[in-house]
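**Student:** sequence plus predicted model, see below.
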Amino acid sequence: MSTLDTTISMIQKCTEDELQVVQQVIRQFFLNRGPHTTTKNQFLEELQISRGQHQSCQSQEAGEALAELRAKYGL
């Protein structure tokens, strides 16, 4: 299943209230992004940080993260 198919499948299962929460989160994401681009060096630095966090067990399984978001936003 493609990312698009998965996204559509999840959206179809949401209630109207859940969709409003998703829209709010997405709006905040885009507002906080700002109009900056990432250079190759910035990307590699962030990748190194991410790998370090993963090696030191500071990462989280996607299912766990989604469960926390559902609980936090009442989804």
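**Tutor:** That came through, no problem.
**Student:** give me the residues contacting the longest helix along the chain.
**Tutor:** Among the segments of the chain that qualify as a helix by DSSP state H, the longest is helix 16-33. Contact with helix 16-33 is made by Ile11, Cys14, Tyr73, Gly74, Leu75, as judged by C-beta atoms under 8 Å, 6 or more residues apart in numbering. Placement of C-beta: from N, CA and C, glycine included.
**Student:** same thing but 10 Å
**Tutor:** With contact meaning C-beta atoms under 10 Å, 6 or more residues apart in numbering, helix 16-33 is reached by Met10, Ile11, Cys14, Thr15, Leu69, Arg70, Lys72, Tyr73, Gly74, Leu75.
**Student:** okay, these in a markdown table with distance to Asn41, pLDDT and neighbour count next?
**Tutor:** Formatted as a markdown table, the contacts of helix 16-33 follow (distance: C-beta to C-beta, whole Å; pLDDT from 0 to 100; neighbours: other C-beta atoms under 10 Å):
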| residue | distance to Asn41 | pLDDT | neighbour count |
| --- | --- | --- | --- |
| Met10 | 35 | 87 | 12 |
| Ile11 | 36 | 87 | 11 |
| Cys14 | 39 | 88 | 13 |
| Thr15 | 44 | 89 | 9 |
| Leu69 | 31 | 86 | 13 |
| Arg70 | 36 | 88 | 12 |
| Lys72 | 34 | 87 | 9 |
| Tyr73 | 35 | 84 | 13 |
| Gly74 | 40 | 82 | 8 |
| Leu75 | 37 | 81 | 15 |
